[in-house]
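# Structure of the sequence below:
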Amino acid sequence: MTTITAPLRILIGKVGLDGHDRGIKLVARALRDAGMEIIYTGLHQTPEQIVSAAIQEDVDAIGLSVLSGSHNTLFLRVLELLKEQDADDIVVFGGGIIPNEDIPKLHAAGVRALFRPGTTMADIVDFVKAIQPRA
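Numbers count the residues shown, from 1 in each chain. Presented below is the predicted three-dimensional model:
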């Protein structure tokens, strides 16, 4: 008997006032082309909007793009809201201009992976493919 598994559902979003969306659109397309269901929230989302959409869409992971320098505040707020909503089993990953000294703090807070400029789409796709679907 063959077990049919649903594709991973990934919410991709831009939090904060950053309007640079070329990279996140490329990531969304690469993940879609790899067989995942993508929910793209668009520009200028608040952490509250991201978490609300993630819960409504029953996603397995949230991928955030932050190029504005506010990654510490925005990633941590998303994680905090997920915990408040008992949805902290949703994997959070992201990318952007993130200084080396900020990475350990973000990982310790629960950001599973951070992808910076120069990361290949294959590396991002491989990371997301390894995520276990939520029960």
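# Every contact and neighbour count from this point should use C-alpha atoms.
Noted.
# which residues in the chain form strands?
9-14, 37-40, 61-66, 91-96, 111-115 (DSSP state E).
# could you say what helices and strands the fourth one packs with?
This means strand 91-96. strand 61-66, strand 111-115 (3 or more CA pairs under 8 Å, 6 or more residues apart in numbering; DSSP states H and E).
# orientation of the longest helix seen in the chain relative to strand 61-66 in degrees?
Determined from DSSP state H, the single longest helix within the chain is helix 71-84. When axes from the mean of the first three to the mean of the last three CA atoms, to 10 degrees is applied, the directions of helix 71-84 and strand 61-66 differ by 160 degrees.
# tell me which residues of helix 71-84 are tucked away?
By neighbour count on 16 or more other CA atoms under 10 Å, the buried set for helix 71-84 is 71, 74-82.
# show me what contacts residue 24?
12-14, 64-65 (CA atoms under 8 Å, 6 or more residues apart in numbering).
# of those, closest to residue 125?
Taking CA to CA as the measure, residue 125 lies nearest residue 12 of those, at 13.1 Å.
# Is it possible to get the strands of the chain out as JSON lines so that each row also shows distance to residue 23?
Below are the strands of the chain laid out as JSON lines (distance: least, CA to CA, whole Å):
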{"stretch": "strand 9-14", "distance to residue 23": "10"}
{"stretch": "strand 37-40", "distance to residue 23": "13"}
{"stretch": "strand 61-66", "distance to residue 23": "8"}
{"stretch": "strand 91-96", "distance to residue 23": "9"}
{"stretch": "strand 111-115", "distance to residue 23": "11"}
